[in-house]
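>>> build me a model from this:
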Amino acid sequence: MDHIEGKQKFIQTWGTLGSSWGINRTMAQIHALLLLSCKPMNCEQIKNDLKISAGNTNMNIRALLDWGLIHKELIPGERKDFYRAEKDMVKVLKAIIIQRKKKELAPLIATLDDLKDIQGECDCSKELNNRVQDLRKYAGKVETTLDLIVKAEESWLMKSVFKNLG
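Below is the predicted model of the structure:
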């Protein structure tokens, strides 16, 4: 496999993977392209490389900036904005965790907190209260674990991950 084929395969795979961590395919493909790029790229270059519209490019660049997965870079003498990916995979992992927690876990916890005192003496009310309490307890543990990962020192996190992998 040559460089171009490898690059395309990585971009396609990363795009598919992106939907697993809560972003659309194009956003993940732009991230992949910037991860592989040796130099910062502008919107026009990204648009042309991925064969996507300017609007789609701009919208997904803004989202990647919001997630902290890419950064704007100023190049002296250039009027266009250039972007580069965060290439530290620990920082990428942490940014994804923060966004997933905000978009998925926080709303779940808020709903469970709203449901914690369901009124009623019937078996169904008791069962609902038990399930809500169980889910809230589990969600709290997940939240605590994710907070520890986000706050963890890079070396500790990587040692822990690799220790568990093999």
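
>>> show me what contacts residue 122?
Listed by C-beta atoms under 8 Å, 6 or more residues apart in numbering, the contact set of residue 122 is empty. For every residue, glycine as well, the C-beta is placed using N, CA and C.

>>> can you give me the pLDDT of it?
Residue 122 carries a pLDDT score of 86 in this model.

>>> with the one 3 residues further on instead?
pLDDT for residue 125: 81.

>>> who's in contact with it?
For residue 125, the contacting residues are 118-119, by C-beta under 8 Å, 6+ apart.

>>> give me the element it is part of.
Element membership of residue 125, judged by DSSP states H and E, is helix 123-151.

>>> tell me the phi and psi of the nearest residue to residue 57 once chain neighbours are set aside?
Ranked by C-beta to C-beta, 6 or more residues apart in numbering and with sequence neighbours excluded, the top spatial neighbour of residue 57 is residue 47, at 4.5 Å. When quoted as degrees, to the nearest 10, the phi and psi of residue 47 stand at phi -60, psi -50.

>>> before we move on, what about residue 37?
Backbone torsions of residue 37, given as degrees, to the nearest 10, read phi -70, psi 130.

>>> isn't it right up against residue 84?
Yes - applying C-beta atoms under 8 Å as the test, residue 37 and residue 84 come out as touching, 7.2 Å apart.

>>> let me know how buried residue 114 is, in neighbour terms.
Around residue 114 there are 10 other residues, counting by other C-beta atoms under 10 Å.

>>> how about it, what does it touch?
Contacts for residue 114 were tallied using C-beta under 8 Å, 6+ apart; there are none.

>>> adjust the sequence numbering to begin at 487 for everything that follows.
Sure, I'll start numbering at 487, so the last one becomes residue 600.

>>> what's the pLDDT at it?
pLDDT, residue 600: 91.

>>> next one: residue 642
With respect to pLDDT, residue 642 has a value of 62.

>>> how much space separates the spatially closest residue to residue 546 that is not a sequence neighbour from residue 572?
What sits nearest to residue 546 in space, not counting adjacent residues and going by C-beta to C-beta, 6+ apart, is residue 513, at 4.3 Å. When distances are taken as C-beta to C-beta, to the nearest Å, residue 513 and residue 572 turn out to be 14 Å apart.
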